[in-house]
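Chemist: got a predicted structure plus its sequence, pasted below:
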Protein chains: 2
Amino acid sequence: MTKTSVQPEHMENLGGGALPRLDQQLCFALYSAVNRVTRLYRPVLSALGLTYPQYLAMLALWEHSPRTVGALGEALDLDSGTVTPLLKRLEKQNLVRRRRDPSDERRVIVELTEAGQALKARAAEVPASLACQIALPTSELIDLGERVRRFKRCLPADDAGAYAER
Amino acid sequence: MTKTSVQPEHMENLGGGALPRLDQQLCFALYSAVNRVTRLYRPVLSALGLTYPQYLAMLALWEHSPRTVGALGEALDLDSGTVTPLLKRLEKQNLVRRRRDPSDERRVIVELTEAGQALKARAAEVPASLACQIALPTSELIDLGERVRRFKRCLPADDAGAYAER
DNA sequence: AGCAATTCAATTGTGTGCAATATAAACTTT
DNA sequence: AAAGTTTATATTGCACACAATTGAATTGCT
């Protein structure tokens, strides 16, 4: 009780000074849900030669293709240390091409190759083969997505925002 | 417009053959939420010398300490290829000890050291310092946790369960 | 008892994620 | 315009996550 902090008397779950049980933690629920989802995607995506993050990158590129590395990283909420090697692996598979932006040589433009565009058709079946493994109505999945996005928006993002909104 | 593609007229969301937008995908929402949460934990946990998965492992061990590697992996929903090196790093920090189970030499028993037990007190502040960075009422966080766990339970787990419940 | 099948943990190899740093190209300031 | 600053990407090093494999111990079967 020598705390300067914000600790009220008896908290159920968060912030009480006593550690919450693992299986009550929102953050662990998210963490293990993502691991499971990734495992679920793996066999489906390996038929396309993609990992799960690579699939996400391709989804972003299928939405609009000539795009800078930075813009892609922002869409995926990943930094260059993650995106650059990922793109190199996609390039090695001939799904994307990378070139410097002539008008600003700092930037690198990523674009789909023919093969990358063509893969979109085959990927169209991915959502259905995932959805059919999940024993929940679509409406509930959509609702959960909304809630997770709302949650995410309440997290301090790219350390801009934490102080910048003043 | 020279496309062979499969683009149907106008699909809403899942399973229709058209790819959903990245920012509508539940799975991407989970994925990026977890990345952000991990980034949020990082500075708080690094004060304790822990990473986020290490913190989860310690939470599990603080709940009950002498525990096999397998039991810990099951609690965390991780396999031995992830847990073993993680435990070695915790051991190097003298937070846990590992020894073979004398009654079954295949098993390895993990237990907290004195230092590992002691760390629990310092970790007690972690949930509060996280919660205060999240601009949502606790009730909503708890509710979201429930929903994510329900979602997770509907995923085929460790490929046992998919067929075993007959 | 003897041997195959199973179980448990560790190891290997690939692919993320991210902090910290590096490098080069633009922008700013004077 | 030279120098310092900022911006965009790449690189390095560390820690996951997991498939596939290995090795050792136990269980099951006959």
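Modeler: Yep, that arrived. Numbering: from 1, shown residues only, chains lettered A, B, ... in the order given.
Chemist: who in chain A is up against DNA strand D?
Modeler: A:31, A:35-36, A:38-39, A:42, A:68-70, A:73, A:80-81, A:83-85, A:87, A:98, A:104, A:106-108 (C-beta under 7 Å from any atom of the strand). (Each C-beta comes from the backbone N, C-alpha and C, glycine too.)
Chemist: need the longest helix for chain A.
Modeler: helix A:26-46 (DSSP state H).
Chemist: now what about that one, what contacts it?
Modeler: A:22, A:51-52, A:54-55, A:126, A:129-130, A:133, A:148, B:27, B:30-31, B:33-34, B:37-38, B:41, B:52-53, B:56, B:59, B:76-78, B:130, B:141-142, B:144-145, B:148-149, B:151-152, B:155-157 (C-beta atoms under 8 Å, 6 or more residues apart in numbering or on different chains).
Chemist: narrow those to those that are buried.
Modeler: Neighbour-count burial (16 or more other C-beta atoms under 10 Å in any protein chain shown) applied to the contacts of helix A:26-46 gives A:22, A:51-52, A:54-55, A:126, A:130, A:148, B:27, B:30-31, B:33-34, B:37-38, B:41, B:52-53, B:56, B:59, B:76-78, B:130, B:141, B:144-145, B:148-149, B:151-152, B:155.
Chemist: what sits against residue A:100?
Modeler: With C-beta under 8 Å, 6+ apart, residue A:100 has these contacts: A:107-109.
Chemist: SS state for it?
Modeler: Secondary structure, DSSP: H, G, I helix; E, B strand; the rest coil: residue A:100 is strand.
Chemist: give me the buried subset of the residues of chain A next to DNA strand D.
Modeler: Judged by 16+ other C-beta under 10 Å, buried ones among these: A:31, A:35-36, A:38-39, A:69, A:73, A:83, A:87, A:108.
Chemist: isn't there a strand covering residue A:107?
Modeler: Yes. Counting by three-state DSSP, residue A:107 is found in a strand.
Chemist: surely it touches residue A:66?
Modeler: No. Taking contacts as C-beta atoms under 8 Å, residue A:107 lies outside contact range of residue A:66: 11.1 Å.
Chemist: for the helix or strand of chain A at the bottom of the mean pLDDT ranking, name the packing helices and strands.
Modeler: One helix or strand of chain A scores below all others by mean pLDDT, DSSP states H and E: helix A:126-131, with a mean of 92. Helices and strands touching helix A:126-131, by 3 or more C-beta pairs under 8 Å, 6 or more residues apart in numbering or on different chains; DSSP states H and E, are helix A:26-46.
Chemist: this completes my enquiry, with thanks.
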